[in-house]
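[1] sequence-free structure coming up:
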């Protein structure tokens with residue numbers, strides 16, 4: 001004759017790139033730093049506690065690398081939180097993906113850090129390309145402004161000039 005349901009609603013945060021999105025470049029040279037950030041908005045009438053966020057890099061061979069997990073500020077109703085991460089692209093040649101997850105699943109317990117209505121809207125992923133360094137550096141050595149051959153005689157006190165050039169300014173030579 002009667003069916004009654006009582007419950008307590010939970011808050012809801014959702015990634016909103018219109019409120020904040022940043023990717024420093026979609027193609028970079030190997031060794032360069034890439035920065036990524038995206039905003040999340042509390043779209044519910046309920047406040048959330050300090051929000052946990054995790055970042056991963058999925059490389060060209062589909063290996064997953066946890067970059068960072070950190071706790072952000074309190075997330076009151078209607079507020080927007082923007083967070084960024086910086087990644088060194090050394091040894092990540094090819095097409096990679098950056099993934100962010102707000103209020104991530106705890107891998108040990110399988111539960112979320114905070115109760116929330118939905119989770120699918122807390123995950124964002126973007127691809128970027130890291131160009132491999134293919135040109136070797138050039139070392140140019142001159143003695144008294146001349147290039148010499150092996151075994152050639154030079155002055156007793158030559159002025160030796162050494163120039164090193166490489167198109168990739170991010171990798172150590």
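    Cool, got the structure. These figures come from a predicted structure and were not determined experimentally. Numbering: from 1, shown residues only.
[2] is residue 48 in a bridge, and if so with what?
    Counting by DSSP bridges, residue 48 is bridged to residue 75.
[3] Ignore what I typed, I meant residue 82.
    Counting by DSSP bridges, residue 82 forms beta bridges with residue 39.
[4] and if you look at the one 5 residues further on?
    The bridge-partner assignment for residue 87, based on DSSP bridges, gives residue 34.
[5] how far away is it from residue 162?
    Using Cβ to Cβ, to the nearest Å, one obtains 34 Å as the distance from residue 87 to residue 162. Yep, even glycine has a C-beta here, placed from its N, CA and C like the rest.
[6] Settle it for me: which of those two has more neighbours?
    Taking other Cβ atoms under 10 Å, residue 87 and residue 162 do not tie; residue 87 has more neighbours (22 against 8).
[7] Isn't the more buried one up against residue 31?
    No - using Cβ atoms under 8 Å, residue 87 makes no contact with residue 31, being 11.4 Å away.
[8] now the end-to-end length of stretch 91-110.
    32 Å (Cα to Cα, to the nearest Å).
[9] Just the residues contacting it, thanks.
    Applying Cβ atoms under 8 Å, 6 or more residues apart in numbering, the contact partners of stretch 91-110 are 13, 15, 30, 34, 36, 38, 40, 51-60, 69, 81, 83, 85, 87, 89, 111-114, 116, 119, 122-132.
[10] Buried members of those residues into ChimeraX, please.
    Applying 16 or more other Cβ atoms under 10 Å to those, the buried members can be selected in ChimeraX as follows:
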select :13,15,30,34,36,38,40,51,52,53,54,55,56,57,58,59,81,83,85,87,89,113,114,116,122,124,128,129,130
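[11] Let's see which of the contacts of stretch 91-110 end up in strands.
    In strands, defined here by DSSP state E, the members of the contacts of stretch 91-110 are 13, 15, 34, 36, 38, 40, 52-58, 69, 81, 83, 85, 87, 123-131.
[12] hang on, isn't residue 64 packed against residue 58?
    Yes - using Cβ under 8 Å, residue 64 makes contact with residue 58 at a distance of 5.4 Å.
[13] how near is the residue lying closest to residue 41 once chain neighbours are set aside to residue 126?
    Distances taken as Cβ to Cβ, 6 or more residues apart in numbering put residue 16 closest to residue 41, at 4.4 Å, once the chain neighbours are dropped. Distance, residue 16 to residue 126, by Cβ to Cβ: 15 Å.
[14] Just the buried residues of stretch 22-36, please?
    Using 16+ other Cβ under 10 Å as the test for burial, stretch 22-36 gives 28-32, 34, 36.
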